[in-house]
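[1] Just need the structure, nothing else, for what follows:
(2 chains)
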Amino acid sequence: MARLFEYQSKELLSKTGIKIPSGKVCETPEEVKRYAEELGKPVVVKAQAWFTGRASVGGIKFADTPAEAEQFSRNMLGKTIKNFTVSKVLIEEKINIKKEMFASLIIDDSARAPVVIFSGTGGTGVEEIAAENPDAVVKMPVDINAGLKSFEALNLIRGLDINGKQLLQVSNVLCKVVAAAKKFEARSVEINPLVITEEGVTMAADGRITIDDYAVFRHPELGIDYARELDNPPSELDIIAYDIEKNDYRGTFYFIQLEHEFNRGDNFVGFHGAGGGGSMMSMDAVQRKGYKLANFCDTSGNPPASKVYRAAKIIMAQKNIDGYFGSGSGVASQEQVNSARGLVKAFIENNLNIPAVVRLGGNLEEKAVEILETYTKDRIPAPVEGYMKDDTADHCAERIDILIKEYNPVKDLKQLEIGIKNINHEFDTMTGKVQFDHKACADCKDKVCVDACDPKILKFEDDLPVLAIDPADAKKGKCTECLACELECMMKGNNGCYVHLPIENID
Amino acid sequence: MAILVDKSKRILIQGITGREGKARTKLMVEYGSTVVAGCTPGKGGMEVNGTPVFDSVEEAVDKVGQVDISTIFVPAPLVKDAALEAMYAGVKLVVLIPDRVPIYDVLEIEQAARKTGARFVGPNTLGVLSVGEAVLGMIGGRAAAASSWFKKGNVGVTSRSGGITSSIGYYLSKAGVGLTTLVHVGGDPIIGLPHPEVVKLFEEDEKTEAVVMFGEIGSSQEEQVADLIEQGKFTKPLVAFIGGKAAKKGTRFSHAGAIIEGNRGTHEGKVKRLREVGATVVDSFDDLWETTRKLVDKL
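    From the prediction side, this is the model:
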């Protein structure tokens, strides 16, 4: 779920009509000082971070003077707390709190509906309060089309010792929380605390909204460029991977780095799974062998070879991994030949210098394993082993363990030249280009590329391979980026064919 | 028989002219599914591998007669409209294959289902396969693979992971345990037919004598199955495995559902609750088939 910062969440709540304290988000201590002077009253300085319990780690400070606010913000900005580097602070007028409450909405899987939750007491430790005193917490499922009616909100909170004007204000806030959640397609909205001030105003003193990842495309106004659940902001590789997935709807590609700082020999493996459930079990298996995971990666849902290739390149961009471990459910419905081709191209281009074990069980598994093993043989220094559905994840984990222990990485390994020398025929594919060196093709006896092409979109013209269909159709997806032309040419042809699949910011 | 689908069920494909729709329809038909029509707005009058294509579901029903099931292969943002269209045209079972369907869309589909008395499987599901009968979606991939992997018998399978659905089917068949129907309930937090709904269908199915369930951390589906056992609403033997024991709290591994919320949905909690009510929970995935085989032998 895409998490929003407090200042963003409050902006959305305010747009829906919920009162919030006057405030401004700042990125420098100087900006903080200027704004505090402008406000001309005591302020609170709040570090903008995703974790909860900010007050206990110095992330929330009250300042009486602009100089004090400046100093507090200087202590917070740039500081890393709980793995999170603070880059913004929210400066707000200090409010006089009379009562703290808790108001939220969450989509509940068992109710299969949004559920609104309210507690007459709020603030830090609301979970404990709720656990000790369940009567203080009320909740109800909400009709997704009708929203929360004001009488329903009133009935929900009556009996919680909120009276008069405040009763109307608070029940109104609940209706607006529901409306905001629906409008911005939030998985959850949380106001903790919702406060009543000494002056009798009900307002959101804090706010936390997470947006449904799958709905982010409908909300450009939220400016979310990375819609994934993470504890920390995404790494460079995370973003590169996310952009690949965003721009290619075929199959699913998911990648997150789990560890950023480690050395060769620290027993970190690059992990490449297929399907969430099988991946979890495979990760367990390799961890039982004493390895740690540098990343989590999943390519499933019948992705093209090009997507698997890019996934492998990103995994290998983690320079200090000791091995490449691929294993998913073991009996995949997707055609594993595509995965095999993507891996082979990536391994060869990177001149793979760490052992790889990949379980390719499922449809067309024999052919997939044959491609993986024979096409990499004697072309890269490291051993590559492929396994099928009758091989368990534990067996594969054992193999990678043995190979890592046996293998001595080649020192000062040369990077290979990638691609072909002269490009004199090429066409666009959905995410790259297929290129031919017709000089090489003219000297080629076997000319296997045309026959190898999965979607059959190549033909011979004057005995040279060319695109047989409208280039616009090839770009729209008729070329499935199966990579067969390049790999078969590499094996049996004359190195006259290359599929160029750029990865932004990594090449 | 089987649950949800068999040879006699008349199937419509929404999005039949797209990349996945076209390819999957062919495989479904090859396995034995009775596909009577396809639907893509604006492409009425076409044919895809001999299947007539109509502009709307209502038109398809008018022209070809009753439709029991619609399987949807349209891009995620269009799934809601397609599902509502099918339900309001009287289709009683709708299978939502795509992933990344916005959750508020799923909630609206849920309401439409309640209103029209329809059910839906998914979203984000590999589908449903009744062994030797028919398949909805893409379980098993190629028909030849599905035919060789899954043997007919008396055990039902319900799984929260797509890939694992096929794995369980294959490994059980290999161990000599035959199957009735395999259901991938879908990987999203809100789904139409979660584990408890599937086991209720297996309870009613005469052919199914035992059920294998692949659970995962997150959500309360497995706890709800335990409740059904306790209430006497599910009485057949259940063998379960719960994945995600080693997953870090809050880390989401592709499955949006695999999030631990409070005490609900923990690995420990699910295992304990299921064992309390007498279900068999294996600690190692690889124990699933032998344990099930021994149990089935005793039936």
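[2] from here on, contacts and neighbour counts on C-alpha atoms
    Noted.
[3] Strands of chain B, start to end?
    Secondary structure of chain B, counting by DSSP state E: strands at B:10-14, B:34-39, B:47-48, B:51-54, B:69-72, B:93-96, B:119-121, B:127-130, B:134-137, B:152-159, B:179-184, B:210-216, B:238-243, B:280-281.
[4] Need the winner for burial among these.
    Among the strands of chain B, ranked by average contacts under mean count of other Cα atoms under 10 Å in any protein chain shown, first place goes to strand B:179-184 (a mean of 30).
[5] hmm, it in reach of chain A?
    No: legend: contact between strand B:179-184 and chain A by Cα under 8 Å from any Cα of the partner chain is lacking; minimum distance shown is 11.6 Å.
[6] Can you lay out the strands of chain B as CSV showing distance to residue A:461 and mean pLDDT?
    As requested, the strands of chain B are exported to CSV (distance: least, Cα to Cα, whole Å; pLDDT from 0 to 100):
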stretch, distance to residue A:461, mean pLDDT
strand B:10-14, 40, 98
strand B:34-39, 38, 98
strand B:47-48, 31, 94
strand B:51-54, 36, 97
strand B:69-72, 41, 98
strand B:93-96, 44, 98
strand B:119-121, 49, 98
strand B:127-130, 44, 98
strand B:134-137, 40, 96
strand B:152-159, 51, 98
strand B:179-184, 48, 98
strand B:210-216, 54, 96
strand B:238-243, 54, 95
strand B:280-281, 63, 97
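[7] Alpha carbons of stretch B:115-125, in PDB - could you do that?
    Extracted C-alpha coordinates of stretch B:115-125, given in PDB (Å, rounded to 0.1, in the frame of the first residue of the first chain):
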ATOM      1  CA  LYS B 115     -27.900  -8.000  -5.100                       C
ATOM      2  CA  THR B 116     -28.000 -10.400  -8.000                       C
ATOM      3  CA  GLY B 117     -27.400 -13.700  -6.100                       C
ATOM      4  CA  ALA B 118     -24.200 -14.300  -8.100                       C
ATOM      5  CA  ARG B 119     -20.800 -15.500  -6.900                       C
ATOM      6  CA  PHE B 120     -17.400 -14.600  -8.000                       C
ATOM      7  CA  VAL B 121     -13.900 -16.200  -7.800                       C
ATOM      8  CA  GLY B 122     -10.900 -13.900  -7.500                       C
ATOM      9  CA  PRO B 123      -9.700 -11.400  -8.500                       C
ATOM     10  CA  ASN B 124      -6.100 -12.400  -9.100                       C
ATOM     11  CA  THR B 125      -6.900 -16.000  -9.500                       C
END
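[8] so does that stretch get close to chain A?
    No: counting by Cα under 8 Å from any Cα, no contacts exist between stretch B:115-125 and chain A, the nearest distance being 9.7 Å.
[9] got the buried residues for that stretch?
    For stretch B:115-125, the buried set under the neighbour-count rule, 16 or more other Cα atoms under 10 Å in any protein chain shown, comprises B:118, B:119, B:120, B:121, B:122, B:123, B:124, B:125.
[10] Which residues outside it are in contact with it?
    B:87-88, B:90-101, B:106, B:112-113, B:127, B:137, B:162, B:184-188, B:191-193 (Cα atoms under 8 Å, 6 or more residues apart in numbering or on different chains).
[11] Is residue A:308 in contact with residue A:343, as I believe?
    Yes: between residue A:308 and residue A:343 there is a contact under Cα atoms under 8 Å: 6.6 Å.
[12] Counting by contacts, list what the helix or strand hosting residue A:38 packs against.
    Using DSSP states H and E, the element containing residue A:38 is helix A:29-39. Counting contacts by 3 or more Cα pairs under 8 Å, 6 or more residues apart in numbering or on different chains; DSSP states H and E, helix A:29-39 packs against helix A:66-76, strand A:89-93.
[13] Mind doing that once more with 7 Å?
    Contacts defined by 3 or more Cα pairs under 7 Å, 6 or more residues apart in numbering or on different chains; DSSP states H and E place helix A:29-39 against helix A:66-76.
[14] Return the distance of the helix it packs on from the chain's centre.
    Computed by Cα atoms, centre = their mean, to the nearest Å, the separation of helix A:66-76 from the middle of its chain amounts to 34 Å.
[15] average model confidence for it?
    In this model, helix A:66-76 has a mean pLDDT of 95.
[16] follow-up on the earlier one: just the contacts of stretch B:115-125: which are in helices?
    Counting by DSSP state H, these place B:87, B:88, B:106, B:112, B:113, B:162 in helices.
[17] show me what contacts the second one?
    With contacts taken as Cα atoms under 7 Å, 6 or more residues apart in numbering or on different chains, residue B:88 has the following neighbours: residue B:116.
[18] same check, this time on the one 10 residues further on
    Contacts were defined as Cα under 7 Å, 6+ apart; by that measure residue B:98 touches B:73, B:75, B:76, B:123, B:124.
[19] wait, what's in contact with residue 211?
    All of this is about chain A. A:1, A:2, A:3, A:185, A:186, A:187.
[20] was after chain B, sorry
    B:155, B:156, B:157, B:237, B:238, B:239.
[21] partners of it in the sheet?
    With DSSP bridges as the criterion, residue B:211 is bridged to residue B:156, residue B:238.
[22] Excluding chain neighbours, what is closest to residue A:215?
    Distances taken as Cα to Cα, 6 or more residues apart in numbering or on different chains place residue B:102 nearest to residue A:215, at 5.0 Å, with adjacent residues excluded.
[23] can you list the residues of the stretch 101-250 of chain B near chain A?
    B:101-104, B:107-108, B:138-141, B:145, B:161-164, B:166-167, B:189-190, B:219-220, B:243-244, B:246 (Cα under 7 Å from any Cα of the partner chain).
[24] How confident was the prediction at the residue nearest to residue A:215?
    At residue B:102, pLDDT is 97.
[25] Tell me if I'm right that it and residue A:216 touch.
    No: between residue B:102 and residue A:216 there is no contact under Cα atoms under 7 Å: 8.7 Å.
[26] residue contacts, residue 172?
    By default, I'm working from chain A. Residue A:172 neighbours (Cα under 7 Å, 6+ apart): residue A:150.
[27] wait, I meant chain B there
    residue B:289.
[28] Go over the secondary structure and confirm residue A:193 is in a helix.
    No: using DSSP: H, G, I helix; E, B strand; the rest coil, the assignment for residue A:193 is strand, not a helix.
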